[in-house]
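Student: I would like the atomic coordinates for the input below:
(one chain, ligands or ions: 1)
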Amino acid sequence: MAALLLGQLRSRLARAPSGAGRWREYRGGPGTPSSAVRVRFAPSPTGFMHLGGLRTALYNYLFAKKYKGSFILRLEDTDQTRLVPGAAENIEDMLEWAGIPPDESPRRGGPAGPYLQSQRLELYAQASEALLQTGAAYRCFCTPQRLELLKKEALRNHQTPRYDNRCRHLNPEHVARKLAEGSKPTIRFRLEEGAETFQDLVYGWNRHEVASVEGDPVILKSDGFPTYHLACVVDDHHMGISHVLRGKEWLVSTAKHLLLYRALGWEPPHFAHLPLLLNKDGSKLSKRQGDIFLEHFASAGFLPETLLDIITNYGSGFAGNQMGRTLPELIEQFDLTGVSTHSALLDLEKLPEYNRLHLIRLLNDKAQRLQLVKEVRVMVEEVYGEQLEDRDVLSDASIDRILLLGQGRISRLKDLVSPAYSYLWTRPAVARAQLQTISGELDVIAKLVLGLLETPGISLTQEVLNQELKKLSEKTEGVEYVRMMKLLRVALTGQQHGPTVAEMMVSLGPREVRERIQRVLSS
Ligand code: GLU
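Tutor: Residues are numbered from 1 along each chain as shown. Okay, here's the model as predicted:
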């Protein structure tokens, strides 16, 4: 696949028409295969980053990294009325958070910038002008009222509204008069019959005779802002995009884009449309549901690796489904020709399970674990701050021990600050009377356990504790094992359930166990 793609790229470079602008200068050098793949993620900052966007971005990232190319973030902010404050920042932040940062972007800059369409108006004006010159585009003076009437009429006749191409036929004098009067026209692209057949790298051969179903589209609005189609084609060209990987919903637009490329005399990129990402039941992943935004998953304590893993597992493009893939593995295994045309169904209920796996992996890496230790410390400070009686619980050694013991059981780091694990950080208020209802032998048991903790040379692992506690109950009359364990559990944690007593004792450490037992005795 690599050879095929790179071969195609080389021949495309060889055939690249002159006047490809800035990008040709940038590419300048040897045009080696390693610099040839350029892909882009081009969201509109009309909303915050969600799972669907992440998947499109990720596939672009994987493709770029697999072929040693560049991954570009371009923000398509030409519809100024739909901009959402903070969305542009959020998209860049979330790509960084997810671990798939762009090589070039509005924030990072780069040789093909600016990367915000609103700052590239000059390029769209130039392209429109070129199209006007060749007659591939024309000025349209139709008023919004006329267009509205056309639309209403079509709907009344149960037809799909389309522009009737009236201004195609205006004579040059009429146009000059209108311009002299100060009318501000839009520019429309003349859709010609004879759309090209093209091979989508996912959906295969496609042809869409767009001219027979649509009226000529506006490419430049009267305020000088382009519409999506023109801006996308102009930017993909000037940014030297080699492959357009985007959602399937844009497949039908490709015919229009190819007509634009042809009219501008530019070589189009390759196209690969990605199937939709849907909920498990086949319903649409709604952008309106707050819970598909990346920020939500981040603040709920899910790891970025988890999201990358789950959204690719339910997609395709990999040899098989396998939980727990890391980003380097995703890059290595990604195969664009393996992306199927079926929608990808996402089962978000499995998210905790994915996260548990990724957490185990991180915990087994010393450097990563140290980072997690720091994160836990911050969380504990936040949740328990004032209530911490002994700040030793925040030491690296203590949190490290707790993390290692909890791996495999906790699915998110956050679980460690949930009420079920509050005993790790705060001492329970347990009264003597409460414990005596569990076993009348409170004092005897306490003494035995305190003694055990003092045993010279003993290493208090879970195994040792299990054996020794069992032995203590066996050799001491009146101390029944089950009651002893129940009593210890409540004395140490104030809770009836949780991990095994031995595990709790190890996670608390001997000093804290001693402290808690002594407290009970003196209560
Ligand atoms: N701005 C379009 C979007 O929001 C980009 C489509 C494309 O990738 O060409 O999805």
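
Student: look up phi and psi at residue 278.
Tutor: Main-chain torsions, residue 278, degrees, to the nearest 10: phi -120, psi 170.

Student: was I right about it contacting residue 346?
Tutor: Yes. Counting by Cβ atoms under 8 Å, residue 278 sits close enough to residue 346 to count as a contact (6.8 Å). Backbone N, C-alpha and C define where each C-beta goes, glycine included.

Student: tell me the contacts of the residue of the stretch 251-400 of the chain found nearest the ligand?
Tutor: For the stretch 251-400 of the chain and the ligand, the shortest gap (Cβ to the nearest ligand atom) falls at residue 253, measuring 7.4 Å. Counting by Cβ atoms under 8 Å, 6 or more residues apart in numbering, residue 253 touches 228-229.

Student: so it versus residue 246, what's the distance?
Tutor: From residue 253 over to residue 246 the distance is 9 Å, taken as Cβ to Cβ, to the nearest Å.

Student: name the SS class of the residue nearest to the spatial centre of the chain, please.
Tutor: The chain has residue 54 as the residue nearest its centroid, 3.4 Å off, counting by Cα atoms, centre = their mean. At residue 54, secondary structure determined by DSSP: H, G, I helix; E, B strand; the rest coil is helix.

Student: that one and residue 307 touch, don't they?
Tutor: Yes. Between residue 54 and residue 307 a contact is recorded at 6.4 Å, counting by Cβ under 8 Å.

Student: can you pull the residues that touch both of those two?
Tutor: 98, 294.

Student: what's near enough to touch the residue nearest to residue 452 when sequence neighbours are not counted?
Tutor: Excluding its sequence neighbours, the residue lying closest to residue 452 (Cβ to Cβ, 6 or more residues apart in numbering) is residue 468, at 5.6 Å. By Cβ under 8 Å, 6+ apart, the contact list for residue 468 reads 452, 455, 458.

Student: quick one: residues contacting the first one.
Tutor: Right, residue 452. Contacts for residue 452 (Cβ under 8 Å, 6+ apart) come out as 458, 468-469, 472.

Student: next, the distance between the ends of stretch 297-312.
Tutor: With Cα to Cα, to the nearest Å as the measure, the ends of stretch 297-312 fall 16 Å from one another.

Student: and it, what's buried?
Tutor: For stretch 297-312, the neighbour count (16 or more other Cβ atoms under 10 Å) marks 297-298, 301-312 as buried.

Student: before we move on, what about stretch 339-357?
Tutor: Neighbour-count burial for stretch 339-357 [16+ other Cβ under 10 Å]: 339, 344-346, 348, 351-352, 354-357.

Student: check which helix or strand the closest residue in space to residue 333 that isn't next to it in sequence maps to.
Tutor: If the residues on either side of it in the chain are set aside, residue 333 comes closest to residue 318, at 5.0 Å by Cβ to Cβ, 6+ apart. Element membership of residue 318 [criterion: DSSP states H and E] is none; it lies in no helix or strand.

Student: give me the neighbour count for residue 318.
Tutor: Burial of residue 318 is recorded as 19 neighbouring residues (other Cβ atoms under 10 Å).

Student: what of residue 372?
Tutor: For residue 372, using other Cβ under 10 Å, the count is 19.

Student: from memory it sits against residue 410, does it?
Tutor: No. The pair residue 372 / residue 410 is not scored as a contact, 10.9 Å apart, by Cβ under 8 Å.

Student: with secondary structure added, can I get the contacts of residue 468 in TSV?
Tutor: Shown next, in TSV, are these (three-state DSSP):
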residue	secondary structure
452	helix
455	coil
458	coil
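
Student: who in the chain is up against the ligand?
Tutor: 42-44, 76, 232, 246, 250 (Cβ under 6 Å from any ligand atom).

Student: closest to residue 331 out of those residues?
Tutor: Checking those against residue 331 with Cβ to Cβ, the nearest one is residue 246 at 19.5 Å.

Student: just the element for residue 345, please.
Tutor: Counting by DSSP H and E, residue 345 is part of strand 344-346.

Student: cool, and residue 271?
Tutor: strand 270-274.

Student: can you give the distance of that strand from its chain's centre?
Tutor: Taking Cα atoms, centre = their mean, to the nearest Å, the mean C-alpha location of strand 270-274 is offset from the chain mean by 19 Å.

Student: contact partners of that strand?
Tutor: Residues external to strand 270-274 that are found in contact with it (Cβ under 8 Å, 6+ apart): 5, 8, 55-56, 59, 198, 200-203, 242-248, 250-251, 254, 315, 336, 339.

Student: list residues touching both of residue 278 and residue 346?
Tutor: Listed as contacting both residue 278 and residue 346 by Cβ under 8 Å, 6+ apart are residue 285.

Student: okay, now the residue in the stretch 101-250 of the chain positioned nearest to the ligand: neighbour count?
Tutor: Nearest residue of the stretch 101-250 of the chain to the ligand (Cβ to the nearest ligand atom) works out as residue 246 at 3.5 Å. Applying other Cβ under 10 Å, we find 22 residues neighbouring residue 246.

Student: SS state for it?
Tutor: Using three-state DSSP, the three-state assignment for residue 246 comes out as strand.

Student: show the contacting residues for it.
Tutor: Per Cβ under 8 Å, 6+ apart, neighbours of residue 246: 42, 56, 273-274.

Student: filter the residues you listed down to the buried ones.
Tutor: 42, 56, 273-274.

Student: from those residues, which single one is nearest residue 385?
Tutor: Using Cβ to Cβ, these come closest to residue 385 at residue 56, 40.6 Å.

Student: could I get the contacting residues of that closest one?
Tutor: Residue 56 sits in contact with 41, 43, 245-247, 274, where contact means Cβ under 8 Å, 6+ apart.

Student: next one: residue 333
Tutor: Residue 333 sits next to 318-319, 325 when contact means Cβ under 8 Å, 6+ apart.
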